[in-house]
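Trainee: Give me coordinates for this.
(2 chains)
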Amino acid sequence: MTATDSRQPSSRARPVIQRLAAILWPSFIWAGVASMVLFAFADPVDLHAISFPDWQLSRTAGYSIGFLMFWSVTAASSFGTWLLLRDRKVLNQQHQQPTDPSN
Amino acid sequence: MSATDTQHHSSDDSRQVVELYTRSEKIYPREVQGRYARLRAATVWLLLGLYYLLPWISVHGQQLVLFDLPARKFYVFGMVFWPQDFILLTGLLLLAAFGLFFVTALAGRLWCGYACPQTVWTEVFIWLERLAEGPAAKRRKRDRGPWTADKAWRKIAKHSLWLVFALWTGFTFVGFFTPITELADKVLRFQTSGWESFWIVFYSFATWGNAGFLREQVCKYMCPYARFQSAMFDDNTLIISYDQARGEPRGSRSRKLAHAELADNKLGDCIDCTLCVQVCPTGIDIRQGLQYECIACAACIDVCDDVMRRMDYPTGLIRYTTQNAIDNKPSKIIRPRILLYTLLLLVIMTGWVTVASQRAPVMLDVMRDRNALYRELSDGQVENSFLLRVMNRSNQAQEFTITASGLAGLNIFGDATVKLESGELGSLPITLRAPRSGIKVRNDIVFTVQAVSQPELTIQETSRFIGPR
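Mentor: Take a look at the predicted model:
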């Protein structure tokens, strides 16, 4: 084992783009579903009236904000799941000293 | 070797090992011609043609397919749906899901290979890439080589093409949710609203990233369907498979000896040209058996059939088949799984049509005037303006009268009748007036539209009369 190896991510780690995709994409789908259900029953104009009536917000803005709020929540949840599912080897490697004791 | 050399060498080695696992190798799928490639090109033209043209088609001044979010109305081929029709949307989504399950059980991943937006847009992005950078082999070589003026302008050309196509895609997408002619007008004058611009750019970026860069990675790492489609598979499902019994032992041979080698039973039909691997957009070897990465695009069938013809062997070494057929057992189309999906589809379809056909025969859509909340008149009255859209869904021409109630002294100023042909959608500006006294800031009012000759044809919709603070 060389010093270079211990700084490399574990072979189990996925590239950033795949991790991002695995977190952002399923949360995107479910945010879409949640928005559809919410806005089928609630008009953004009514939500506007009971929340921040002094702000200038169109319906389109209401839909967009609603969707993005759902997405941030679902993405946060996916992110939490990813954190908890990370392999112990990856976690341990991060805490390792630069010099590998096996050397 | 010097010490630095050794170090350099070992870090290179380890990087290679790590990359093998962590970075997916860029795939340059080789061009392929054949009947399945032609079929896919046809579906690409059909589906993208529908996508890009549909929002531009209007009938009686009404966009044929418009999920008008700003107005909370959904126009689909002459039918109008409202948020209250949510159950119908749910029904449609269920139909789509079970339709997909049904097709998957019967014919495998046809959806992935020919109809999935990911496949369809990736195909176009690859066409554009080929236009700017040439065939796959040249692209790979140029990508690995140093930067030259030729490489730079080809990359610029490719990204310009991609960018234009992606922006057009994003614009069209937003055009399904807000009237596209108005949107086009706004885009040309750079006057789109903040959110419209945001969603155009967002969807363009998603198209550009998914079809230009992620490609097969979307199928391999992001697609939920790829993960559960095997649950619909059984031994009678149509799959793409390599005929192991016929192909093995594989090996290269000269064309002269093509048939002699076979006669000696030394070699199977697979000449191990690896073209099936080179054309695969997800970079797998179909000869290793059915894999979840396989999107059933049939590129390997096309290319292998071509090789077989050139070798004067029968085609179909890689082919659409079923596990049962490979095992020399009969394949069955009708089986419990298929019957169950068919039954479910029929039940949902019947329910959908029943619910959809029992909706009100008159449609009313009330929109407040967006320009002014209210107007105070000199005679002490307050005025609100509305735009009523009335659709006569009965099967004969009707004259409708419009009344408004819910506020003391509320009266309609001007004409309050409208004549509509069957299926006609009429827009009617309505001005309401009410005395200043007794008006709150927000007053719930009810519009009633009633047919003169058929009083049972009636519909109501609530709206809001706004007064001064």
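
Trainee: Report the central residue of chain A.
Mentor: Nearest to the geometric centre of chain A sits residue A:75, at 3.0 Å (CA atoms, centre = their mean).

Trainee: and the strand or helix carrying that one, how far from the chain's centre?
Mentor: Using DSSP states H and E, the element containing residue A:75 is helix A:59-85. Helix A:59-85 has its average C-alpha position 7 Å from the chain's average C-alpha position, going by CA atoms, centre = their mean, to the nearest Å.

Trainee: one step back: residue contacts, the residue nearest to the centre of chain A?
Mentor: Taking CB atoms under 8 Å, 6 or more residues apart in numbering or on different chains as the definition of contact, the neighbours of residue A:75 are A:23-24, A:27-28, A:31. C-betas here are computed from N, CA, C, even on glycine.

Trainee: Same list (the residues you listed) but as TSV, adding pLDDT.
Mentor: Shown next, in TSV, are those (pLDDT from 0 to 100):
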residue	pLDDT
A:23	91
A:24	91
A:27	94
A:28	94
A:31	96
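
Trainee: show me what contacts whatever residue of chain A ends up closest to chain B?
Mentor: Checking chain A residue by residue against chain B with CB to the nearest CB singles out residue A:40 as nearest, at 3.9 Å. Applying CB under 8 Å, 6+ apart to residue A:40 gives the contacts B:83, B:86, B:89.

Trainee: 6 Å instead, please
Mentor: If a contact means CB atoms under 6 Å, 6 or more residues apart in numbering or on different chains, then residue A:40 has B:83, B:86 as its contacts.

Trainee: ok, then the element right after the helix or strand harbouring it?
Mentor: Here residue A:40 is covered by helix A:16-41, with elements defined by DSSP H and E. Once helix A:16-41 ends, the next helix or strand along the chain (criterion: DSSP H and E) is helix A:44-51.

Trainee: quick one on the thing from earlier: next, the angle helix A:59-85 makes with the helix holding residue A:40.
Mentor: Orientation of helix A:16-41 against helix A:59-85 (axes from the mean of the first three to the mean of the last three CA atoms, to 10 degrees) gives an angle of 140 degrees.

Trainee: So which bits of helix A:16-41 are buried?
Mentor: By neighbour count with 16 or more other CB atoms under 10 Å in any protein chain shown, helix A:16-41 contains the buried residues A:18, A:21-28, A:30-31, A:34-35, A:38-40.

Trainee: What of stretch B:125-139?
Mentor: Buried-residue list, stretch B:125-139, by 16+ other CB under 10 Å: B:125-126, B:128-129, B:132-133, B:136, B:139.

Trainee: and the residue nearest to residue B:116 when sequence neighbours are not counted, how many neighbours does it have?
Mentor: Distance criterion CB to CB, 6 or more residues apart in numbering or on different chains; nearest residue to residue B:116, sequence neighbours excluded, is residue B:295 at 7.8 Å. When neighbours are counted by other CB atoms under 10 Å in any protein chain shown, residue B:295 registers 25.

Trainee: One more: residue B:61?
Mentor: When neighbours are counted by other CB under 10 Å, residue B:61 registers 8.

Trainee: Check the gap between it and residue B:75 for me.
Mentor: 11 Å (CB to CB, to the nearest Å).

Trainee: Tell me which residues touch residue B:398, please.
Mentor: Listed by CB under 6 Å, 6+ apart, the contact partners of residue B:398 are B:392, B:420, B:451.

Trainee: Sort out for me which of these are in strands.
Mentor: Judged by DSSP state E, strands contain the following of the contacts of residue B:398: B:392, B:420, B:451.

Trainee: Now flag whichever of those is closest to chain A.
Mentor: Using CB to the nearest CB, residue B:392 is the member of the ones in strands among the contacts of residue B:398 that lies nearest chain A, at 25.3 Å.

Trainee: and the gap between the closest residue to that closest one other than its chain neighbours and residue B:360?
Mentor: Of all residues beyond its chain neighbours, the one nearest residue B:392 is residue B:420 (3.9 Å), with distances taken as CB to CB, 6+ apart. Separation of residue B:420 from residue B:360 (CB to CB) stands at 14 Å.

Trainee: Compare those two (neighbour count), which wins?
Mentor: Comparing residue B:420 with residue B:360 by other CB under 10 Å, the one with more neighbours is residue B:420, at 20 against 13.

Trainee: Flag the shaky bits of the chain, pLDDT-wise.
Mentor: Just going to use chain A. By pLDDT under 70, the low-scoring segments of chain A are A:1-13, A:94-103.

Trainee: could you do chain B instead?
Mentor: Using pLDDT under 70, chain B drops low at B:1-24, B:84, B:261-265, B:394-395, B:422-423.

Trainee: which helix in it runs the most residues?
Mentor: Within chain B, and with DSSP state H defining each element, the longest helix by residue count is helix B:149-175.

Trainee: What residues of the following helix or strand past the helix holding residue A:75 count as buried?
Mentor: Elements were assigned by DSSP H and E; along the chain past helix A:59-85, the next helix or strand is helix A:88-95. Within helix A:88-95, the residues that qualify as buried by neighbour count (16+ other CB under 10 Å) are residue A:93.

Trainee: now do stretch B:299-318
Mentor: Of the residues in stretch B:299-318, those buried by neighbour count under the rule 16+ other CB under 10 Å are B:299-305, B:307-308, B:311, B:313, B:317-318.

Trainee: quick one: it to chain centroid distance?
Mentor: Here stretch B:299-318 is found 32 Å from its chain centre; the criterion is CA atoms, centre = their mean.

Trainee: same question, stretch B:209-227
Mentor: Per CA atoms, centre = their mean, the displacement of stretch B:209-227 from the mean C-alpha position of its chain is 14 Å.

Trainee: Need the contact partners of that stretch.
Mentor: Defining contact as CB under 6 Å, 6+ apart, one finds that stretch B:209-227 is touched by A:18, A:21, A:25, B:118, B:121-122, B:125, B:162, B:281-282, B:292-293, B:295.

Trainee: Equivalent analysis for stretch B:450-467, please.
Mentor: B:360-362, B:364, B:366, B:373-374, B:382, B:384, B:394, B:398-401, B:407, B:439, B:441-449.

Trainee: ends of that stretch, how far apart?
Mentor: Stretch B:450-467 stretches 27 Å from its first residue to its last (CA to CA, to the nearest Å).

Trainee: And that stretch, what's buried?
Mentor: Within stretch B:450-467, judged by 16+ other CB under 10 Å, the buried ones are B:450-451, B:457-459, B:463-467.

Trainee: Same list (those) but as a markdown table, adding secondary structure.
Mentor: Listed next are the buried residues of stretch B:450-467 as a markdown table, based on DSSP: H, G, I helix; E, B strand; the rest coil:
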| residue | secondary structure |
| --- | --- |
| B:450 | strand |
| B:451 | strand |
| B:457 | coil |
| B:458 | strand |
| B:459 | strand |
| B:463 | strand |
| B:464 | strand |
| B:465 | strand |
| B:466 | strand |
| B:467 | coil |
